[in-house]
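In: All I have is the shape, not the residue letters:
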């Protein structure tokens, strides 16, 4: 089971690929797609779509996971982000993949970070889970994408495809730790 | 010069095609793409993209015009609409077309409707401009799409491709009337 997680920002789109191999969660790859902000919006979306298609072709995941719809302070930024997110969901559907959405709080919980923890904490936990060095995971966009992939591997068996709602209600960070081999357990859980 | 206007709603996406032939503005076609609301979001976006591709292939416009980014009361509805809008811009860019954005107020002005006028008024003016019967233009989504196409034919020569901003500032409804042949003038302008 290989999952490609996506963190669809309007300037940077992070993706991260995690595979479950005999009960172990293994980092496969990640990247950040940078958008040329000087280009017209439609051209930016075209580049984004092409880059995502390339990542899907390269990593051939079995499913795609994205953070669910959540509330924004600013409707304008929500609209702009919606464009990028729509293109990401489209690319996944066109590749014949099911897309799963998870609420941001659930994604955080899946890697053992709390609701008040910031992106730094998520990045730290993702590195620990996947045995990555800080230098291997420089941008938060990619670690957020890996976190949502981890979240799906934890919840995915019971989840249903994205329907615009944000997935199941109960978080289950402990389940993830249970399914990790000792080498992949987070230090706090030892 | 043939323009395909798009009104990207999250449930219905209207499109309308208008051509300028020797100074006359001629209705070429229009339609409303209905989205299956019971399908998962990603599948809906895939269907939307395929339907738009089909419309672009059928009508072969020279440019695409869309209403510009504007303010929403509700960030959540803005995010959802952004998905559909992003897919529309993507389909246009993938077809090699430039996309032009116009502020809603400018679109209204272009067909001679005021800022306070509702969709009904826009629909009425579009029908008058393009000599259509009410029965030919049942849904407001399609008349809004025709209105944005008309807007582009009025402003397009000086406009630059969409860059996330909402186009030029000055409306010029009178210019459109000037370029219409008598048969296409709105009654008030006679």
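Out: Structure's in. What do you need? Remember, predicted model here, so these are calculated numbers, not experimental data.
In: what number of residues lie near the closest residue to chain B within chain A?
Out: Closest residue of chain A to chain B, Cβ to the nearest Cβ: residue A:82 (1.8 Å). Heads up, the C-betas are built off the backbone N, CA and C, glycines and all. As a burial measure, residue A:82 scores 27 neighbours (other Cβ atoms under 10 Å in any protein chain shown).
In: what angle separates the helix or strand encompassing it from helix B:75-94?
Out: Taking DSSP states H and E as the definition, residue A:82 sits inside helix A:75-94. Here the directions of helix A:75-94 and helix B:75-94 differ by 60 degrees (axes from the mean of the first three to the mean of the last three Cα atoms, to 10 degrees).
In: What residues sit buried inside helix A:75-94?
Out: A:75, A:78-94 (16 or more other Cβ atoms under 10 Å in any protein chain shown).
In: Does anything pack onto that helix? Which helices or strands?
Out: Helices and strands in packing contact with helix A:75-94 are listed as strand A:2-8, helix A:41-59, strand A:63-67, strand A:99-102, helix B:41-59, helix B:75-94; criterion 3 or more Cβ pairs under 8 Å, 6 or more residues apart in numbering or on different chains; DSSP states H and E.
In: looking at these, which is closest to residue A:137?
Out: Of all these, strand A:2-8 sits nearest to residue A:137, with 12.4 Å by Cβ to Cβ.
In: Which strands or helices does that closest one pack on?
Out: Under the contact criterion of 3+ Cβ pairs under 8 Å, 6+ apart, strand A:2-8 touches strand A:12-21, helix A:41-59, strand A:63-67, helix A:75-94, helix A:140-155.
In: List the strands paired with that strand, with their directions.
Out: Next to strand A:2-8 in the sheet, as set by DSSP bridges, lie strand A:12-21 (antiparallel), strand A:63-67 (parallel).
In: Out of those strands, indicate the one that is most buried.
Out: Each of the strands paired with strand A:2-8 was scored by mean neighbour count; the highest is strand A:63-67, a mean of 26, by mean count of other Cβ atoms under 10 Å in any protein chain shown.
In: now the angle from that one to helix A:140-155?
Out: Orientation check (the same axes, to 10 degrees): strand A:63-67 against helix A:140-155 gives 120 degrees.
In: where does chain A dip in pLDDT?
Out: Per-residue confidence of chain A (counting by pLDDT under 70) places the weak regions at A:69-73, A:115, A:156-190.
In: ok, back up a step: nearest to residue B:51, of the helices and strands packed on strand A:2-8?
Out: In this view, those are compared for proximity to residue B:51 by Cβ to Cβ, and helix A:75-94 is the closest at 12.5 Å.
In: quick one, the closest one and helix A:41-59 angle?
Out: 40 degrees.
In: Next, report how far helix A:75-94 is displaced from the centre of its chain.
Out: Relative to its chain's centre, helix A:75-94 lies at 14 Å (Cα atoms, centre = their mean, to the nearest Å).
In: Once you drop chain neighbours, what's closest to residue A:97?
Out: Distances taken as Cβ to Cβ, 6 or more residues apart in numbering or on different chains place residue A:64 nearest to residue A:97, at 5.1 Å, with adjacent residues excluded.
In: Run through the residues that contact the one you found.
Out: Residue A:64 makes contact with A:3, A:4, A:5, A:6, A:56, A:88, A:92, A:97, A:98, A:99, A:100 under the criterion Cβ atoms under 8 Å, 6 or more residues apart in numbering or on different chains.
In: The third one touches residue A:143, doesn't it?
Out: No - contact between residue A:5 and residue A:143 fails when scored by Cβ atoms under 8 Å: they sit 9.9 Å apart.
In: Identify the contacts common to these two.
Out: residue A:16.
In: Which one's more surrounded, those two?
Out: It is residue A:5, of residue A:5 and residue A:143, that has more neighbours when counted by other Cβ under 10 Å, with 32 against 27.
In: what sits opposite that one in the beta ladder?
Out: Counting by DSSP bridges, residue A:5 forms beta bridges with residue A:16, residue A:65.
In: on that earlier part again, including distance to residue B:111, could the helices and strands packed on helix A:75-94 go into TSV?
Out: As requested, these are arranged in TSV below (distance: least, Cβ to Cβ, whole Å):
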stretch	distance to residue B:111
strand A:2-8	35
helix A:41-59	24
strand A:63-67	39
strand A:99-102	39
helix B:41-59	20
helix B:75-94	21
